[in-house]
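Student: Provided below for reference: sequence and predicted model.
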Amino acid sequence: MAITIKDVAKAANVTPSTVSRVIADNPRISNKTKRKVRQVMEELGYQPNYKARNLASRTTQTIGLVMPNSTDQVFQNPFFPEVIRGISKMAHMTEYAIQFSTGETEEEIYDGVVQMVQSGRVDGVILLYSRMNDRVRAFLEEKAFPYTMIGKPSYDVEKISHVDNDNFSAAKEVTEYLLQLGHTKIGFVGGSTSLMVTLDRQQGYETALKEAGIPICEEYIVHEDFLIEGGKQAISELLSLKETPTALVVVDDLMAFGIINTLEKMGLRVPDDISIVGFNNLLLSEISQPPLTTVNINIFDLGYHAAKNLIEIINNPDEPAKRIIVPYQMTVRGSCKKLI
């Protein structure tokens with residue numbers, strides 16, 4: 001005879017509704033009760049019928065992931081597989097599936113999200129970015145659809161659940177590090193100015209220079225794609241200047257690798273000819289030549305907490321907005337040189 005929720009409830013000395021909430025990982029149920037009920041479920045060999053539960057509750061047990069641009073371009077950057085690994089870990093623990101948005105253009109991505117939401121394919125959405133004037137976010141707001149985001153919102157910061165690093169402080173710290181090494185001609189290589197992560201890091205960079213009494217040189221600030229090719233284009237532009245920077249704050253390790261490769265082909269060396277600090281602490285940063293000084297933003301944790309945050313919102317629509325700040329650490333390696 002099949003074990004039922006009532007059997008589990010009786011053995012655990014709780015109500016059937018409590019068992020249902022434990023299965024749904026409802027945040028209102030204490031961890032102590034969850035552990036007790038799950039232990040009983042395991043002892044009795046009870047397997048929840050998720051298909052029936054989802055039909056009854058009109059849920060899909062699926063979360064949607066929305067990319068910042070085309071899927072092909074996104075997966076060229078190791079940041080995204082790592083942040084998705086963190087999301088997948090939490091999704092697996094709570095028995096959620098994942099569905100990706102696809103599209104080659106922002107328009108196609110927007111249309112895909114609209115279809116995803118209106119067809120009822122997902123219970124909530126994680127935006128893997130934060131962008132100014134984002135149509136996707138505006139649509140989710142209009143539909144009052146559960147979502148969270150990785151990155152600081154461009155508006156209603158206190159009202160929107162999000163997971164982020166303190167990008168302002170991180171960029172300010174690495175710029176100050178270069179200043180301490182004696183550099184005053186420091187460039188900044190960022191991504192699109194529509195992305196909040198670029199704006200926050202640029203503000204940190206500029207603040208460090210201003211506090212040191214160094215004027216901002218607009219020619220030293222370049223914006224390209226978060227790709228190796230973007231780094232190549234950025235350094236080509238900077239080296240064309242009459243007076244070139246001696247150090248660079250680069251907001252993505254992949255761009256930094258593009259810069260290092262380009263410099264090597266031109267017969268220039270890091271850090272002898274130019275010092276570089278990156279962001280993300282990708283695996284390749286440790287084995288690059290030279291090993292890259294970079295900021296470890298704990299990418300896996302960003303994804304893990306974003307998924308946890310969203311699932312809490314799905315299970316409890318009245319869940320208050322949370323701002324989760326994941327710590328960062330600067331990792332000093334061999335890509336920066338002290339000026340005499």
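Tutor: Yep, it's here.
Student: what does the domain assignment say about this protein?
Tutor: 5-57, 167-297 (automatic domain parsing).
Student: buried deepest among those, which one?
Tutor: Mean neighbour count (mean count of other Cβ atoms under 10 Å) peaks for domain 167-297 among those, with a mean of 20. From N, CA and C alone the C-beta is placed, and that goes for glycine too.
Student: what is the mean pLDDT for that one?
Tutor: The pLDDT scores in domain 167-297 average 96.
Student: run the chain-centre distance for that domain.
Tutor: 20 Å (Cα atoms, centre = their mean, to the nearest Å).
Student: repeat that for stretch 84-91.
Tutor: With Cα atoms, centre = their mean, you get 12 Å for stretch 84-91.
Student: swap in stretch 303-316?
Tutor: Using Cα atoms, centre = their mean, the offset of stretch 303-316 from its chain centre is 14 Å.
Student: how about that stretch: buried residues?
Tutor: Applying a neighbour-count criterion of 16 or more other Cβ atoms under 10 Å, the buried positions in stretch 303-316 are 303-315.
Student: pick out the lowest-pLDDT one from those.
Tutor: Within the buried residues of stretch 303-316, residue 315 has the lowest pLDDT, namely 89.
Student: once you drop chain neighbours, what's closest to that residue?
Tutor: residue 26 (5.1 Å; Cβ to Cβ, 6 or more residues apart in numbering).
Student: so residue 196 sits right up against residue 155, yeah?
Tutor: No: look at residue 196 against residue 155 with Cβ atoms under 8 Å: they stay out of range, at 10.3 Å.
Student: format the domains of the chain as CSV; extra columns: distance to residue 134.
Tutor: Converted to CSV, those look like this (distance: least, Cβ to Cβ, whole Å):
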stretch, distance to residue 134
domain 5-57, 28
domain 167-297, 8
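Student: picking that back up, distance of the residue nearest to residue 315 relative to residue 126?
Tutor: 20 Å (Cβ to Cβ, to the nearest Å).
Student: check which helix or strand residue 176 maps to.
Tutor: Using DSSP states H and E, residue 176 sits in helix 167-180.
Student: packing partners of that helix?
Tutor: strand 186-190, helix 196-211, strand 247-250, strand 275-279, strand 293-296, strand 329-331 (3 or more Cβ pairs under 8 Å, 6 or more residues apart in numbering; DSSP states H and E).
Student: state the distance from residue 115 to residue 192.
Tutor: Residue 115 is 25 Å from residue 192, by Cβ to Cβ.
Student: what do you get for residue 103?
Tutor: 17 Å.
Student: one more: residue 134?
Tutor: 12 Å.
Student: run through the bridge partners of the residue nearest to the spatial centre of the chain.
Tutor: The centre of the chain sits closest to residue 150, judged by Cα atoms, centre = their mean, with a distance of 4.5 Å. Using DSSP bridges, the bridge partners assigned to residue 150 are residue 163.
Student: wait, what's in contact with it?
Tutor: Residues in contact with residue 150 (Cβ atoms under 8 Å, 6 or more residues apart in numbering) are 83, 126, 127, 128, 129, 130, 162, 163, 164, 302, 303, 306.
Student: quick revisit: and of the domains of the chain, who's closest to residue 69?
Tutor: In terms of Cβ to Cβ, the element of the domains of the chain nearest to residue 69 is domain 167-297, at 8.5 Å.
Student: closest to residue 2 out of the helices and strands packed on helix 167-180?
Tutor: Comparing these by Cβ to Cβ, strand 293-296 comes nearest, at 49.0 Å.
Student: just checking, next helix/strand downstream of that closest one?
Tutor: helix 299-315.
Student: so how far is that following helix from its chain's centroid?
Tutor: 11 Å.
Student: what residues does that helix touch?
Tutor: Contacts for helix 299-315 (Cβ under 8 Å, 6+ apart): 24-27, 59, 63, 79, 82-91, 94, 96, 123-126, 146-150, 161, 163-165, 280, 319, 322, 324, 326.
Student: let's go with 7 Å and repeat that
Tutor: Helix 299-315 has contacts (Cβ atoms under 7 Å, 6 or more residues apart in numbering) with 24-27, 63, 79, 82-87, 89-91, 94, 96, 123-124, 126, 146, 148, 150, 161, 163, 280, 319, 322, 324, 326.
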